[in-house]
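This is a predicted model, with the sequence first.
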Amino acid sequence: YAGGDYQFARRWFAGARYDYSERAYDAALHDTGTSATLTYWPSEFEQLRGQYRRTRYAEGEIGHEVLIQVLFSIGAHGAHPF
């Protein structure tokens, strides 16, 4: 895979990713996919991300997915001794 993120505002990131995968049982068959992400960091402790992913499977089918991720951290960290 290959991907990257671009920070276009203080707490906002846009990203893209390309995936290529051969099948374990037949290397002649492969799946490819692309996805786009939008990430918002409300604070240093939480992250909200939305992703749209499109996958073209070796059999010719196309899959569409929308994913939502919420990530948060709690507890002590290196910036503040507790």
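Thanks, I have it. Numbers count the residues shown, from 1 in each chain.

Direction included, what does the host helix or strand of residue 66 pair up with?
Under the criterion of DSSP states H and E, residue 66 resides in strand 62-72. With DSSP bridges as the test, strand 62-72 is paired with strand 46-56 (antiparallel).

what is the mean pLDDT for the strand it pairs with?
On average, the pLDDT along strand 46-56 is 97.

what does stretch 72-82 give?
Here the average pLDDT along stretch 72-82 is 71.

give the contact list for residue 24.
Residue 24 sits next to no residue when contact means CB atoms under 8 Å, 6 or more residues apart in numbering. The C-beta positions use only the backbone N, C-alpha and C, and glycine is treated the same way.

Checking it next. Helix, strand or coil?
When classified by DSSP: H, G, I helix; E, B strand; the rest coil, residue 24 comes out as coil.

Please apply the same query to the one 3 residues further on.
With three-state DSSP as the basis, residue 27 sits in coil.

Surely residue 42 touches residue 48?
Yes: counting by CB atoms under 8 Å, residue 42 does reach residue 48; the two are 6.9 Å apart.

and those two? which has more neighbours close in?
A direct count of neighbours by other CB atoms under 10 Å for residue 42 and residue 48 places residue 48 higher, at 15 against 10.

For residue 63, see how far away the more buried one is.
Plainly put, residue 48 is 24 Å away from residue 63 if you go by CB to CB, to the nearest Å.

cool, and residue 76?
Taking CB to CB, one finds residue 76 at 41 Å from residue 63.

Pull the number of nearby residues for residue 21.
Neighbours around residue 21, by other CB under 10 Å: 14.

for it, which residues make a bridge with it?
Bridge pairing for residue 21 - DSSP bridges - gives residue 31.

residues in contact with it?
By CB under 8 Å, 6+ apart, the neighbours of residue 21 are 30-32.

before we move on, what about residue 4?
Residues counted as contacts of residue 4 (CB under 8 Å, 6+ apart) are 15-17.

ok, of the contacts of residue 21, which come out buried?
The neighbour count (16 or more other CB atoms under 10 Å) marks residue 31 as buried among those.
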